[in-house]
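Participant: Build the 3D model from these lines:
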Amino acid sequence: MATTVTRKGQVTIPKPVRDYLGIQPGSRVDFRRGADGGVVIEKADGPRPPSRFAKARGSAGPGMTTDELMALLRGEPE
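Facilitator: Numbering: from 1, shown residues only. Presented below is the predicted three-dimensional model:
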């Protein structure tokens, strides 16, 4: 995903990246150089929230109904 740098040196972080990292307005981000020389951006103020798939892991068996599990996997609000 490409973005353009403004005259002030600012960029917009693409929405899929913000969603993946759990970055919201007011979140702090950290930039560091990776082992391969690339630059890595990480959420600085805590771990990234678990994905909806990670939330579903281990949930087979009694507990969630099929409809609840499908809503979770689709990312539908709780």
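
Participant: So residue 21 sits against residue 44, correct?
Facilitator: No. In this structure, residue 21 is not within contact of residue 44 by CB atoms under 8 Å, at 10.1 Å. Quick note: C-beta positions are derived from backbone N, CA and C, even for glycine.

Participant: got any residues that touch both of these two?
Facilitator: Counting by CB atoms under 8 Å, 6 or more residues apart in numbering, the residues touching both residue 21 and residue 44 are residue 29.

Participant: out of the two, which sits in the busier spot?
Facilitator: It is residue 21, of residue 21 and residue 44, that has more neighbours when counted by other CB atoms under 10 Å, with 17 against 11.

Participant: helices and strands of this structure: which one bottoms out on pLDDT?
Facilitator: Least confident helix or strand of the chain, by mean pLDDT, DSSP states H and E, is helix 52-56 with a mean of 69.

Participant: Which SSE is immediately downstream of that one?
Facilitator: Next in sequence after helix 52-56, counting helices and strands by DSSP states H and E, comes helix 66-74.

Participant: And that next one, what does it pack against?
Facilitator: If contacts are counted by 3 or more CB pairs under 8 Å, 6 or more residues apart in numbering; DSSP states H and E, helix 66-74 sits against helix 52-56.
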